[in-house]
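Colleague: got a sequence here, can you model it:
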Amino acid sequence: MGGENGEPEERSPSPEWSALAGETARVPRATIVDEWEACVEALETDSQRSVAVLRGVAALAAEEPDAVEHTIVDVAPYASSGATNVRQQATLVLARLAEHHPGSVAIAVDQLGVTVANAPDLPSRRRATTALARLARTEPEAVARVADRLVPQLESDDDFLREDAALALGRITHRGTLPVDLDLDVDDLLPLYVAALGAQFRRAVRVDALDDCLAVGEELDDLLASVTGCEGLRDTLTVILDAVDTAAAHGGVAPEPLRDRVAAVAERAERVTEER
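Modeller: Purely as a prediction, here's the structure:
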């Protein structure tokens, strides 16, 4: 429905929503879990209430991702919102949930691609690119639809944008779903993909995140089996995988020698990238 000039009318929040949330900065868990229809209505009213809802969902997405999987279909359109604060919160929700529910978050690929390419703010672009990189692990065909939005990010001045774009495109390529008409040299992409994985591993080591280290290790192991004709890259992969095995043997990632070794591996991967 629209107003006199065909513009959408701004909806007023229902009495139920006003009683539940008022003007709070973040909608509480119970409201999101048990009164989601009221939250959806609030999303459609104004940016202040939208942000309150999305902040609440983002907090739960970090702590209880299963509790907010049902919100994805309603949050997805806001990932390309014209309101910066709304867009930032929506992309944060999707980036967090892409780690746990990629199949559900895949419906937001097109909106995420728009934000990667067009959003004027760095946080929105970072979060959207992170979401796509995570989705590409299991939903490469869906992410391939917006591969052309990711390619320019490989030359970004921002490390996180550049790395996540390389991860997304590397995962798409490795699974054979890269669009044939994409302006991208796969031989140039491979070292960027390896370097991005090395950087992920280094960050995981710094915070003693053994599960993340092992996840990177599995991806590297899978990649190693398919890399041919580039001994420098194979050597780099082998060294990183050896560090992963060492981390697993310790049952943690605390030993300082391992930290130093991983830092050296990351630097080596960067040198390989420059040489290529």
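Colleague: just for the protein, where's the confidence low?
Modeller: 1-24, 228-232, 244, 247-276 (pLDDT under 70).
Colleague: if we use 50, what do you get?
Modeller: 1-24 (pLDDT under 50).
Colleague: thinking E139 is in contact with P102, fair?
Modeller: Yes: at 5.3 Å, E139 and P102 qualify as touching, with contact defined as C-beta atoms under 8 Å. The way it works is simple: take the backbone N, C-alpha and C, and place the C-beta from them, glycine included.
Colleague: give me the more crowded residue out of these two.
Modeller: E139 (22 against 18; other C-beta atoms under 10 Å).
Colleague: and that one, how far is that from V116?
Modeller: To V116, E139 is 16 Å away according to C-beta to C-beta, to the nearest Å.
Colleague: ok, T177 next?
Modeller: Using C-beta to C-beta, T177 is found at 18 Å from V116.
Colleague: which of these two has more neighbours?
Modeller: When neighbours are counted by other C-beta under 10 Å, T177 and V116 differ, and V116 comes out ahead with 27 against 17.
Colleague: can you tell me the element the more buried one falls in?
Modeller: For V116, the element it lies in under DSSP states H and E is helix 109-118.
Colleague: who does the helix or strand just after that helix touch, helix- and strand-wise?
Modeller: Using DSSP H and E, the helix or strand that follows helix 109-118 in sequence is helix 122-138. Helix 122-138 makes packing contacts with helix 84-98, helix 102-105, helix 109-118, helix 140-144, helix 159-174 when contacts are defined by 3 or more C-beta pairs under 8 Å, 6 or more residues apart in numbering; DSSP states H and E.
Colleague: columns distance to D74 on top of these, output as CSV?
Modeller: Converted to CSV, these look like this (distance: least, C-beta to C-beta, whole Å):
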stretch, distance to D74
helix 84-98, 10
helix 102-105, 12
helix 109-118, 12
helix 140-144, 19
helix 159-174, 24
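Colleague: so which of those helices is the most packed in?
Modeller: helix 84-98 (a mean of 26; mean count of other C-beta atoms under 10 Å).
Colleague: residues contacting it, please?
Modeller: 47, 50-51, 54-55, 57-58, 61-62, 65, 68-69, 71-72, 75-76, 78-81, 104-105, 108, 112, 115, 119-121, 123-124, 127-128, 130-132, 134-135 (C-beta atoms under 8 Å, 6 or more residues apart in numbering).
Colleague: buried ones among these?
Modeller: Listed as buried from the contacts of helix 84-98 are 47, 50-51, 54-55, 57-58, 61, 68-69, 71-72, 75-76, 78-81, 104-105, 108, 112, 115, 119, 124, 127-128, 130-132, 134-135; burial here means 16 or more other C-beta atoms under 10 Å.
Colleague: helix, strand, or coil at V227?
Modeller: coil (DSSP: H, G, I helix; E, B strand; the rest coil).
Colleague: ok, now which ones touch the residue lying closest to S104 once chain neighbours are set aside?
Modeller: Closest residue to S104 apart from its sequence neighbours, by C-beta to C-beta, 6 or more residues apart in numbering: I72 at 4.7 Å. The neighbours of I72, taking C-beta under 8 Å, 6+ apart as the test, are V93, L94, L97, H101, S104, V105, I107, A108.
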